[in-house]
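Next comes the sequence, and after it the predicted model I'd like to discuss.
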Amino acid sequence: MKRATHSVHIESLIININSQTAAPALPVLSFLGTTVSTNDSAMPVSSGVPALGEYWPGEGGFNGGLVAARGDVPAHYLIVGKEDLGKFEWGGRGTECVATSKTDGLSNTKALCNDEHEHPAANACAEHQADGHHDFYLPACAELYHCWVNVPELFTKDTWYWSSTQRSAYIAFCVYFDDGGQNVSGGKSFELRVRPVRRLFI
């Protein structure tokens, strides 16, 4: 059986990529403004991606960088909200919840907003809207660390930010936007800074 291929055209150069391996290559090719052909049909690859830390028009925030596919979540850009929402408690001190994912802040936030206990930090992010988008959430600890690695200049230095990742009944993960430290986890009753994010799928 003949394998389907993608043909990538970069000026006069043509590269044939097996369909099974093409998907992981598309994020890289998107930076080249190329066109990918799937045998007899053409599929445009997004172009005009703003530089890291630059505002992404119409997307409600700044380009926080490309996040690789993981589990059921396809590859996407992390859009960092325009500004901090303020300081909030994590909430639910003394009780455990299911918001324990280190990588999926969206599922964590949904769990926190549907929990019987109040979770101010997650609620603030879920209620945030910008550029017509209402799908913001409190980032998981890995997503927040991703922000420190890629766009630390968008965050207030020398301060802690909440993630949506619970560590225990009394503490949750947070990131220090100076050295990126995650070794100290905040008590759920502490008021820390909160920054909403959303996903832009590619």
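Cool, the structure landed.

going forward, measure contacts between C-alpha atoms and count neighbours the same way
Fine.

what number of residues lie near residue 195?
Applying other Cα atoms under 10 Å, we find 27 residues neighbouring residue 195.

for it, phi and psi?
phi -130, psi 120 (degrees, to the nearest 10).

How many residues are close by the residue nearest to it when sequence neighbours are not counted?
Excluding the flanking residues, the one nearest residue 195 by Cα to Cα, 6 or more residues apart in numbering is residue 84, at 4.7 Å. Counted with other Cα under 10 Å, the neighbours of residue 84 add up to 16.

which residues of this structure fall in strands?
For the chain, the strands defined by DSSP state E occupy 5-10, 13-18, 35-38, 41-44, 55-56, 61-67, 76-81, 86-89, 160-166, 171-176, 186-187, 191-194, 197-201.

now residue 175: how far from residue 70?
Relative to residue 70, residue 175 is positioned 22 Å away (Cα to Cα, to the nearest Å).

Identify the residues contacting the residue nearest to residue 147 when sequence neighbours are not counted.
Excluding the flanking residues, the one nearest residue 147 by Cα to Cα, 6+ apart is residue 64, at 6.2 Å. By Cα atoms under 8 Å, 6 or more residues apart in numbering, the contact set of residue 64 is 52, 53, 77, 78, 79, 80, 147, 150, 151.

how far away is the residue lying closest to the last one once chain neighbours are set aside from residue 154?
So that's residue 151. Nearest non-adjacent residue to residue 151, counting by Cα to Cα, 6+ apart: residue 53, 5.5 Å away. According to Cα to Cα, residue 53 and residue 154 sit 7 Å apart.

Brilliant, that's me finished.
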